[in-house]
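# Need coordinates for the following:
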Amino acid sequence: MTTAIIFGANGQDGHYLNALLTGMGMDVLGVSRSGEWLHTDIADFQAVEQLVATHRPNFIFDLAANSTTRHDAVLENNATIGTGTFNLLEAVYRHSRHTKVFLSGSGLQFENKGLPVKETNAFHASSPYAVSRIQSVYAGRYYRSLGLRVYFGYFYNHESPRRPAHHLTRRIAAAACQIAAGSTEVLTIGDVDVQKEWTFAGDVVKAALILTMQDEIFEANLGSGLAYSIANWLDACFSLKGLQWQNHVVSPPGFQPEYRILVSNPDLIHSLGWRPEVTFQMLAKMMTDAA
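All right, here's what the predicted structure looks like:
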């Protein structure tokens, strides 16, 4: 039987990937520091080595990370992403060289000039998170030079009802429902003109699997290439409840966003036959219904 280990199984991506792989008949071991999974810290080499040596899986998917660019997460980013990558790849190198390893990257680690980001764009150490992601890629390329099949899927903004309640998309969807039910709350949002991708997480993990199923392309953007503003998301969610978001949202003066637009060039992953199935409007309805 084909086997897979998912590190970071408790997150939204891990949830949808586990469902996808088990639906295909794979034997999946979910690993996380929380939730109803095997509790293992990817920053602990002995624990990771024991898992890899014991199971010698066909696939490993590393989705473990706290996806924040805040400086106060610098040590956690380094431990989970930086050290975690080395631990995983060294364990595979020592005990299971047939294993295909998928490592998650981020569009935030690239230089962003407001144009669709290509995989060949220069890296930009703009935050502790980006620094750890960049280190992870160089580690993966090194182990690939030793013969391991190491894949990087660069994630852009992707959403689902599995997002934490504090996340912006969840907050907006929930507020639309609550205001429609009579709440007088007002949402504070930094800059509603910021544009990014709003791909469904369940589609993105399908792209990750497709990437690891071939041996020609090893690094690819896993994005739709379609940019929408936060204002577009507000309109999509609030209009489903017959509301105008402009009556319920304020923006603090002087707010400076991390970027004005972050969107991928997805030509490589599209060349492998992947396209997202859930549209922007479908995603908004999915998350608003769930709220």
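
# for the residue sitting nearest the centre point of the chain, which residues make a bridge with it?
Nearest residue to the geometric centre of the chain (C-alpha atoms, centre = their mean): Phe155, 4.9 Å. Beta-bridge pairing of Phe155, defined through DSSP bridges, involves Ser106, Leu222.

# Could you list which residues are in contact with it?
Counting by C-beta atoms under 8 Å, 6 or more residues apart in numbering, Phe155 touches Asp13, Ser104, Gly105, Ser106, Gly107, Val204, Leu222, Gly223. Using the backbone N, CA and C atoms, a C-beta is placed for each residue, glycine as well.

# how many neighbours does the fourth one have?
Pointing back at Ser106 there. As a burial measure, Ser106 scores 24 neighbours (other C-beta atoms under 10 Å).

# Would you agree it is in contact with Ile134?
No. Using C-beta atoms under 8 Å, Ser106 makes no contact with Ile134, being 9.7 Å away.

# quick one, helices of the stretch 1-150 of the chain?
Secondary structure of the stretch 1-150 of the chain (DSSP state H, counting those that start in this stretch): helices located at 12-23, 45-55, 74-77, 84-95, 128-145.

# could you give the angle of the last one to helix 84-95?
In this case it means helix 128-145. If you take axes from the mean of the first three to the mean of the last three C-alpha atoms, to 10 degrees, helix 128-145 sits at 20 degrees to helix 84-95.

# who touches helix 128-145?
Contact with helix 128-145 is made by 65, 67-71, 73-74, 77-78, 80-82, 85-86, 89-90, 92-93, 101, 103, 105-106, 108-109, 123-125, 150, 152, 218-219, as judged by C-beta under 8 Å, 6+ apart.

# What of the first one?
Under the contact criterion C-beta under 8 Å, 6+ apart, helix 12-23 has outside partners 4, 6, 8-9, 28, 30, 32, 59, 61, 63, 104, 155, 158, 160, 162-163, 201-202, 204-206, 208-209.
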